[in-house]
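*Asks:* missing the sequence, but the structure's below:
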Ligand SMILES: Nc1ncnc2c1ncn2[C@@H]1O[C@H](COP(=O)(O)OS(=O)(=O)O)[C@@H](OP(=O)(O)O)[C@H]1O
Ligand SMILES: Nc1ncnc2c1ncn2[C@@H]1O[C@H](COP(=O)(O)OP(=O)(O)O)[C@@H](O)[C@H]1O
């Protein structure tokens, strides 16, 4: 049997990654490979995507691509081509909607597909919708992604906010980098590759929590912009991911140094420490930026005031009702 399948790859971020989230009727069906994506970058900003590796490479997909926002740094009006898997730093966001014909069950074929390294798998739809879960909880699931240097106050503010939301009867949970590294991610260190996998895994877990309807607070240094953006792109809804940048100067973090890690790093006893001899890439468009001091004030903000700002955001944006 031949089935026409519509993949809505909404808001895929322009990254150098090979993988992108695929959605079927608004629901994630996993990650697909886009081995050849090319853009005609010019006035129309349209192009074509092909995803031959979908369905185990059996069913090539060719589809129109619409660039949502014109590439910011596209300097020439003359069409220029980005092809293959190279960098496309000028592409901010674009969306795909494409169809392909899938061969499915008959006595000789298998109605399943390949995602990443997983073969012969299939998405199962439940009968309880996310909306129904959210209705029963009186809130909207989401992921508040706290990012910032060690000592910037991610955990303190996240747990303060959790306490406040719990007191209001909301379903809320904090996933903290230190804690998750005690279990799920205990096999990961602090190399760039391990940090990437750390963020990928917790992004996926957070996505499940959001789907459950939980207000999920993720508190990880998450130093790489690309990794945070990938986590964002994996969410089911645009509004699911709220990036909270703890924009606290390193001098303050270093003064706090509750674990003595900055001291050890400065003394050369701890290598690859974020902010000292390892990078931290600041968010460019975080939904919430938390700063040490309020504008025109010399007073440092208390964690409670910071949590209260985030609570206001959640309330104003409608996350605290279904
Ligand atoms: N090399 C190095 N760099 C940064 N941080 C280090 C390092 N080694 C250990 N730690 C401790 O690990 C905590 C950060 O873990 P994360 O999982 O949040 O890190 S990351 O997102 O993968 O970068 C971090 O916790 P926080 O201080 O709460 O941020 C540190 O206590
Ligand atoms: N807004 C704040 N004002 C003053 N001290 C803070 C504030 N936020 C956090 N701290 C203190 O800074 C230290 C580091 O905070 P923590 O939440 O552990 O940071 P992170 O999780 O980013 O490493 C802790 O000792 C905490 O009490």
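*Replies:* Happy to help now that I have it. Here the structure is a predicted model, which means the values were calculated and not measured. Numbers count the residues shown, from 1 in each chain. Ligands and ions are numbered 1, 2, ... in the order given.
*Asks:* element containing the closest residue to residue 241 other than its chain neighbours, please.
*Replies:* Counting by Cβ to Cβ, 6 or more residues apart in numbering, residue 241 lies nearest to residue 232, which is 4.3 Å off, once chain neighbours are set aside. For the C-beta atoms, the positions are set from N, CA and C on the backbone; glycine is no exception. Element membership of residue 232 [criterion: DSSP states H and E] is helix 225-233.
*Asks:* What is that helix packed up against?
*Replies:* strand 2-13, strand 142-147, helix 192-212, strand 241-247 (3 or more Cβ pairs under 8 Å, 6 or more residues apart in numbering; DSSP states H and E).
*Asks:* and the closest residue to residue 281 other than its chain neighbours, what does it touch?
*Replies:* Of all residues not flanking residue 281 in the chain, residue 225 sits nearest, at 4.3 Å (Cβ to Cβ, 6+ apart). Applying Cβ atoms under 8 Å, 6 or more residues apart in numbering to residue 225 gives the contacts 281, 282, 283, 284.
*Asks:* can you tell me how far the third one sits from residue 119?
*Replies:* Taking Cβ to Cβ, to the nearest Å as the measure, residue 283 and residue 119 are separated by 36 Å.
*Asks:* Could you check which of the two is surrounded by more residues?
*Replies:* residue 283 (19 against 11; other Cβ atoms under 10 Å).
*Asks:* what sits against the more buried one?
*Replies:* Per Cβ under 8 Å, 6+ apart, neighbours of residue 283: 147, 225, 228, 243, 245, 289.
*Asks:* From those residues, list the buried ones, please.
*Replies:* 147, 225, 228, 243, 245 (16 or more other Cβ atoms under 10 Å).
*Asks:* List just the nearest of these to ligand 2.
*Replies:* residue 147 (9.3 Å; Cβ to the nearest ligand atom).
*Asks:* Which helix or which strand is home to the nearest residue to the closest one once chain neighbours are set aside?
*Replies:* Among residues not flanking residue 147 along the chain, residue 222 sits closest, at 4.6 Å (Cβ to Cβ, 6+ apart). Here residue 222, judged by DSSP H and E, is contained in no helix and no strand.
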